[in-house]
Structure formats: structure tokens, C-alpha cells
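Asks: Structure of the sequence below:
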Amino acid sequence: MTSPSTVRVRFCPSPTGNPHVGLVRTALFNWAYARHHGGTAVFRIEDTDAARDSEESYTALLDAMNWLGFDWDEGPATGGPHAPYRQSQRMGIYADVAARLLDAGHAYHCYCTAEELEERREAARAAGRPSGYDGRCRTVTPEQRAAYEAEGRTPIVRFRMPDEPVTFTDLVRGELTFAPENVPDYGIVRANGAPLYTLVNPVDDALMEITHVLRGEDLLSSTPRQIALYRALADIGVGGGGVPAFGHLPYVMGQGNKKLSKRDPESSLNLYRERGFLPGALLNYLALLGWSIAEDRDIFSMDEMVAAFDIGAVNANPARFDLAKAEAVNATHIRERLTAEEFTAACEPWLRAPYAPWKPEQYDPAAFAALAPLAQTRVTVLSDITENVDFLFLDEPVADEKSWQKAMKPGAEAVLGTAREKLAALPEWTAEALKEAVQTAGEEHGLKLGKAQAPVRVAVTGRTVGLPLFESLEVLGRDRVLARVDAALARLTA
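Replies: Next comes the predicted model:
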């Protein structure tokens, strides 16, 4: 069992583009692991790639974490003992560490040009040998260095991998071994002096005393390189001297059995926010991509996940992203996990500009509150609410021609006219009385309630499906209901 006092995890995205669901799942598993063990969750921004990183994406990341409800213990918006938490603000640290690695012989200057590297890679491939860096500059003499620099060559800094296998036990995949010929020396500082991800990531882990690294399977091949670097950092006195435990999370697959890409529409976190997914429901579904709380249970809160989460129970096999399943989980959370008041409050953004098709002054909070409990059982995502209640706030019902053609078949005019008479004569405008009036009108024309209410529903709401009709008529009110029925009758007789 991991000691609670030792667990320190980090979530360290790059601010490039919009946040995606794969990134959110990584954040979730790290956060849940830290919370389960009573440890520390660190949020860190990897923004050393000036060509790709943007302040807009950085702001979007912070906003996304806030919307999802992650309460990071340390980070750019929280602060902490290892600040700053943006790598772009830690460049002096990386320059110092690189110099110390060079001095200790753990790294060296590499003067090979891109053309020379590619030529040697091609030769290695042709000979059936591994095509990684061949160590040419490991033993550059002072004379060779002077000659290279006289040619105007500017070196990169390359880390010296040990000439022995690297073995570690992955928390998800078990024991793994990488042979030295498959993990060649690699660059850690560009020729212009800018540090690479391969340096800054382990340096920050060491300095921030990270104990567990939970990340995507796509980064598995870089793990032996980082383990060697952690050991070298310990040798030069950088950080606490430990090598984190690693757990590599399974790929998330999309359409066509391909890895879900940031370019796939369903991967965008913004899509789910705009459609009205509940943060807790989306996290619930993403947790299922590689982990389950129980064989017969799919719905749970984040508190319940934290109590049960075990990284050893994560499945190493690829997980398939299923939008229909995500929607079903969200619908269940809306129905079962929100009070009526919480549901009403959650719907507010979709009942006002810019989402709502009606003017602000047309929105009646009291009318919505009256029907909200009925709507709560029928929406899949919060944005569905607009279509469910638009008849309440628009001056006229929506013009859905398919619904009109389906409901207003021959004979509809007669039953609608009879219903109009009985509705107008009601002394009390209640759902029960409204139902009895329409049912009686239908019986006079030999129709059951289902057939009799169809033309009334379309006349008043514009659609053949929607919230319970008679409760809707009660909230809409006598005058507006009768006016809409009259308009429908006029169209039928035109």
C-alpha cells in the first residue's frame, strides 16, 4: 500500500489548442489517485514550445480545470512551494541543470548535422540495425570540437544513456525491459539553447518530488530515457533522488478503431460543455475508459470514484470512446443525481442569450420552474431544454412541418374544433381538467386520447413530441392556448 504522505502526482499539459477528452481522463486518474491516497495533486503547465503554445490555450486549460471541478493542491492558479508552475518561467533552472549534467559527464555536446544524422539512419536501416542515434559525438576530442565550431556548427546537448537495459514495473502493464540498443542517446537542449521536453519534464518531476507518473500509453517509449535521467539528476543532487513509479493509461480509440485524435470532433471538451454535459457526468464516463468501479455499475460520483480508485485495476487494453454511452451516463446523472433546484439552475445558461431563441424579456423563470421537474426526466444534455420548453416563451410555436403533416391529417380539424370548445368552457384551468376535456372531445369523434391530443399538441407546441401535454397547457395559460388553437384551425380551413 502506498504511504499517503508520499503520494505526489502531476498533470502537466501543454497549452496548445482546445482541451480534449483524453487529456481530461489523464487529469482525472491523477487527481483521483492523489485523493484516494491522501496525497498531493500538482497542476503544471509545459509551455516551453513557443511556436505551438499560446496564452489563449493556457487560459482555456485553467478554465477547463475549474469547470471540471479539479481542486489542485499546487499549480499556476493555486501557488505552492515549488512555484512557478509554468515551465516558461523556469528557464534558468533548466539551463543550470543542463550545465551540471555536462560537467558530470551525463550529457555531451553533439555537433552532428541533420543531414549527417539522416544519412547514418538510412545506412542503419539498410543494414537492419536500430536507426537511433549512434553515439558519434560521445567521444569528440577537443581538436574535433574546435574543427566543428570553426565550421560554424552549433551543438545540441545530448543525454548519455547507460549501456545496460532499463527495467521498471509499470503500475498498469507490469514489468517492462528496454534494451540499450533501442534507447539511444537523445537531445535535451536545442542548438539555440532552448530546453526540450525531454529535459524539463524530468527536472520538474525531480524538483517537485513527484512520486507517481500516470500518463498516456503514447509516452511509454520515453520512460526508459526519463528513468535514466532521473538517476543522473539524483547523482548531481537535483531533487529528492527518487525515480517515480509509472503507470501508462490505455489508448482511447475513436471511429474506425483508430486512436482518438485531437482533430476528431468528439474529442473536444468544448463540445461537451456547449451541449450541456454535467462535469461530474462527463468525468464519470471518462473514468470508464480503462477502469470500472464495479462489474455491474456504471454511475458514480467523484467522491465514490476517489474512494474506490485503484491504478492497478486500470485495464491495459485500448478503451473505445462511445458518444451514445457518454450521453446515457449524462442523462442518468441529470435524472438521478440533481435535485429539481439544481437542475433548474443548471439549465439557466440555455434559457438565456445567446443559446435561447427567444428575447430575454420573454423568458419567465416561474413558468420554467413549474415544468422543470417534467423536463428533467426527458433531456439527455442540458441544451435539450431549449427545444423542450420553447413553446412557453416564443410568441408562436415553432413551425415543424413534419409534425404538422403527421398530426393534422383529415379529421384533425373537427376534433381540434371540438377540443377548442371544451377547453374554452372549462371553469378551472388545471392539467386534470384539460386532459378530461380533450379526452371527451376525442370520444365524440371515436378517438382515444392519444389520437385526440396529437393535433392539440402540435397546434400549441409545434411538435408531436415533448413534455406532458396537459401540464404544459396549464402553465402556458388559457389565453395563449386558445389563441394557438385558433391559429391552427385558421390554417386548416384556409
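
Asks: where are the low-confidence patches of this protein?
Replies: Flagging of the chain using pLDDT under 70 yields the residue ranges 1-5.

Asks: and the helix or strand hosting Thr418, what does it pack onto?
Replies: In this structure, Thr418 sits in helix 412-424 according to DSSP states H and E. Helix 412-424 is packed against helix 431-444, helix 449-461, helix 478-493, with contacts defined by 3 or more Cβ pairs under 8 Å, 6 or more residues apart in numbering; DSSP states H and E. Where C-beta positions appear, they are placed from N, C-alpha and C, glycine not excepted.

Asks: Compare the ones you listed and give me the one nearest Asp322.
Replies: Closest to Asp322 of these is helix 449-461 (Cβ to Cβ; 32.0 Å).

Asks: tell me what the helix or strand that that closest one is followed by is packed against?
Replies: Helices and strands here follow DSSP H and E; after helix 449-461, the next one along the chain is helix 469-476. For helix 469-476, the contact count by 3+ Cβ pairs under 8 Å, 6+ apart identifies helix 365-376, helix 385-393, helix 431-444, helix 449-461 as packing neighbours.

Asks: and if we set it to 10 Å?
Replies: In terms of contacts (3 or more Cβ pairs under 10 Å, 6 or more residues apart in numbering; DSSP states H and E), helix 469-476 is packed against helix 365-376, helix 385-393, helix 431-444, helix 449-461, helix 478-493.

Asks: helices or strands next to the longest one in the packing?
Replies: Spelled out, it's helix 478-493. helix 385-393, helix 401-407, helix 412-424, helix 449-461, helix 469-476.

Asks: how big is the angle separating the fourth one from helix 469-476?
Replies: Counting by axes from the mean of the first three to the mean of the last three Cα atoms, to 10 degrees, helix 449-461 points 30 degrees away from the direction of helix 469-476.

Asks: could the helices and strands packed on helix 412-424 be laid out in JSON lines, adding mean neighbour count and distance to Ala206?
Replies: Listed next are the helices and strands packed on helix 412-424 as JSON lines, based on neighbours: other Cβ atoms under 10 Å; distance: least, Cβ to Cβ, whole Å:
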{"stretch": "helix 431-444", "mean neighbour count": "18", "distance to Ala206": "67"}
{"stretch": "helix 449-461", "mean neighbour count": "22", "distance to Ala206": "63"}
{"stretch": "helix 478-493", "mean neighbour count": "15", "distance to Ala206": "68"}
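
Asks: Nearest to Asp185 among those helices would be which one?
Replies: helix 449-461 (69.8 Å).

Asks: The closest one to helix 478-493, inter-axis angle?
Replies: Using the same axes, to 10 degrees: helix 449-461 against helix 478-493 is 100 degrees.

Asks: roughly how far out does helix 449-461 sit from the chain middle?
Replies: 41 Å (Cα atoms, centre = their mean, to the nearest Å).

Asks: Dump it to CSV, keeping only the CA atoms.
Replies: Taking Å, rounded to 0.1, in the frame of the first residue of the first chain, the C-alpha atoms of helix 449-461 are listed here in CSV:
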residue,chain,number,x,y,z
LEU,A,449,-56.8,10.2,-26.0
GLY,A,450,-53.5,9.6,-27.8
LYS,A,451,-55.1,10.4,-31.2
ALA,A,452,-57.2,13.2,-29.9
GLN,A,453,-54.4,15.1,-28.2
ALA,A,454,-52.0,15.0,-31.2
PRO,A,455,-53.5,18.0,-33.1
VAL,A,456,-53.8,19.9,-29.9
ARG,A,457,-50.1,19.3,-29.1
VAL,A,458,-48.9,20.4,-32.5
ALA,A,459,-51.2,23.4,-32.5
VAL,A,460,-49.9,24.6,-29.2
THR,A,461,-46.2,23.4,-29.1
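
Asks: what helices or strands is it leaning on?
Replies: helix 385-393, helix 401-407, helix 412-424, helix 431-444, helix 469-476, helix 478-493.

Asks: now the ones you listed in TSV, with distance to Phe321?
Replies: Putting the helices and strands packed on helix 449-461 into TSV (distance: least, Cβ to Cβ, whole Å) gives the following:
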stretch	distance to Phe321
helix 385-393	25
helix 401-407	32
helix 412-424	45
helix 431-444	42
helix 469-476	36
helix 478-493	43
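
Asks: Gly105: neighbouring residues, count only.
Replies: Close neighbours of Gly105, defined as other Cβ atoms under 10 Å, add up to 10.

Asks: tell me the contacts of it?
Replies: Arg160, Ala232, Asp235 (Cβ atoms under 10 Å, 6 or more residues apart in numbering).

Asks: okay if I get the helices and strands packed on helix 478-493 as a markdown table plus distance to Leu283?
Replies: What follows is the helices and strands packed on helix 478-493, written out as a markdown table (distance: least, Cβ to Cβ, whole Å):
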| stretch | distance to Leu283 |
| --- | --- |
| helix 385-393 | 21 |
| helix 401-407 | 37 |
| helix 412-424 | 47 |
| helix 449-461 | 35 |
| helix 469-476 | 33 |
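
Asks: all strands for the chain, in order.
Replies: Along the chain, the segments classed as strands by DSSP state E run 8-11, 40-43, 107-110, 156-159, 166-170, 174-178, 186-189, 212-216, 245-249, 252-253, 319-320.

Asks: Show me the one of those strands that comes nearest Phe391.
Replies: With Cβ to Cβ as the yardstick, what comes closest out of the strands of the chain is strand 319-320 (38.5 Å).

Asks: Given the closest one, what are its sheet partners and their directions?
Replies: As defined by DSSP bridges, the strand partners of strand 319-320 come to strand 252-253 (parallel).

Asks: Which residues does the strand it pairs with contact?
Replies: Applying Cβ under 10 Å, 6+ apart, the contact partners of strand 252-253 are 20-22, 25-26, 216-217, 259-261, 264, 267, 286, 289-290, 317-322.

Asks: Counting only helices, which of these make the cut?
Replies: The helices, defined by DSSP state H, take in Val21, Gly22, Arg25, Thr26, Leu286 from the contacts of strand 252-253.

Asks: Among these, the buried ones, what's the ChimeraX command?
Replies: To isolate the buried ones among the ones in helices among the contacts of strand 252-253 in ChimeraX, judged by 16 or more other Cβ atoms under 10 Å, type:
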select :21,22,25,26,286
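
Asks: Just the buried residues of stretch 114-131, please?
Replies: Leu117, Arg121, Ser131.

Asks: so which of the contacts of Gly105 is the most crowded?
Replies: Neighbour max across the contacts of Gly105 (other Cβ under 10 Å) = Ala232, 23 neighbours.

Asks: Counting neighbours, what do you get for the nearest residue to that one once chain neighbours are set aside?
Replies: Leaving aside its chain neighbours, Ala232 sits nearest to His106 (4.0 Å; criterion: Cβ to Cβ, 6 or more residues apart in numbering). When neighbours are defined as other Cβ under 10 Å, His106 has 21 of them.

Asks: What separation do you get for His106 and Trp31?
Replies: Taking Cβ to Cβ, to the nearest Å as the measure, His106 falls 33 Å from Trp31.

Asks: Cool, thanks, talk later.
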